[in-house]
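> curious how this folds, go ahead:
(one chain, ligands or ions: 1)
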Amino acid sequence: MNRQELADKFVKIMEETYPDAVCSLECEDPLQLLISVQLAAQCTDARVNIVTRTLFPKYPDVYAYANADLHELEQDIKPTGFYHNKAKNIIGCCRRLIDVYGGKVPDTMEDLLSLPGVGRKTANLILGDVFHKGGMVIDTHAKRILKRVGLTKETDPTKVEFDVETLIPREKQSDFCHRLVIHGRELCDARKPKCELCPAREICEEVRS
Ligand code: SF4
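Model prediction:
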């Protein structure tokens, strides 16, 4: 089986196993998603959701973040960890959104990457979930699973993204990556994968090798 055939089969198995894959961050608009993803660095989505339930009503728009008191915002997001950097980036990001993009979240990789605190993972998530342009979101789950299954030998997230993106149809990339997160949590655990229960065990290189 070549890599394209492996990718096609694995995407189909993920679709059948996790038909309702959605982003687990609770957001109602592009700005909220942008803030949530920044908070989710080195933090669980569940904890981010707890924090944003009070954060979002307190900061209702891009101007509220741009004009926020740094120390106060730090305290508001403290439970998500790395709060000094995250608060600084959120304020800087929202100021740039106002100064350059009319207060709106931009829709190209290049523009998204120009925002403080936004890397390729965040940009791809926004491009896929908000603008429906697709994008491979290579988080810790995607990186681990794609390597185990045999779709890449790379370990650097950007290299994994470039290595795999041509194998997955663009319109399927966002949902596929959401499914990988669920698969990583439920079966393909970092330390103890439950391969005996996994619907991909017939094609997975980790099991076959
Ligand atoms: S067979 Fe095991 S290693 Fe392969 S995808 Fe399934 S759980 Fe992960």
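> hey, let's count contacts and neighbours off CA atoms from now on
Noted.
> quick one: end-to-end distance for stretch 139-159.
12 Å (Cα to Cα, to the nearest Å).
> which residues does the helix ranked longest in the chain contact?
Across the chain, the longest stretch assigned as helix under DSSP state H is helix 83-101. Contact partners of helix 83-101, identified using Cα atoms under 8 Å, 6 or more residues apart in numbering, comprise 35, 38-39, 62-63, 65-68, 70, 73-75, 77, 103-105, 115-117.
> which SSE is immediately downstream of that helix?
helix 109-113 (DSSP states H and E).
> measure how buried Leu25 is and give me the count.
Residues lying near Leu25 (other Cα atoms under 10 Å) number 18.
> that one contacts Gln38, correct?
No: taking Cα atoms under 8 Å as the definition, Leu25 is not a contact partner of Gln38, at 11.1 Å.
> that older thread, let's see which of the contacts of helix 83-101 end up in helices.
Short answer: the contacts of helix 83-101 in helices (DSSP H) are Ile35, Gln38, Leu39, Val62, Tyr63, Tyr65, Ala66, Leu70, Leu73, Glu74, Gln75, Ile77.
> buried among those residues? Make that a ChimeraX selection.
Buried residues among the ones in helices among the contacts of helix 83-101 (16 or more other Cα atoms under 10 Å), as a ChimeraX selection:
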select :35,38,39,62,65,66,70,73,74,77
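> let me know the closest of the ones in helices among the contacts of helix 83-101 to Lys143.
Using Cα to Cα, Gln38 is the member of the ones in helices among the contacts of helix 83-101 that lies nearest Lys143, at 18.7 Å.
> confidence score at that closest one?
Turning to Gln38, the model gives it a pLDDT of 94.
> again, but for Leu125
94.
> please report how far it lies from the ligand.
To the ligand, Leu125 is 22 Å away according to Cα to the nearest ligand atom, to the nearest Å.
> burial check on the closest residue to Phe10 other than its chain neighbours, number of neighbours?
Counting by Cα to Cα, 6 or more residues apart in numbering, Phe10 lies nearest to Ala200, which is 6.8 Å off, once chain neighbours are set aside. Residue neighbour count, defined by other Cα under 10 Å, stands at 19 for Ala200.
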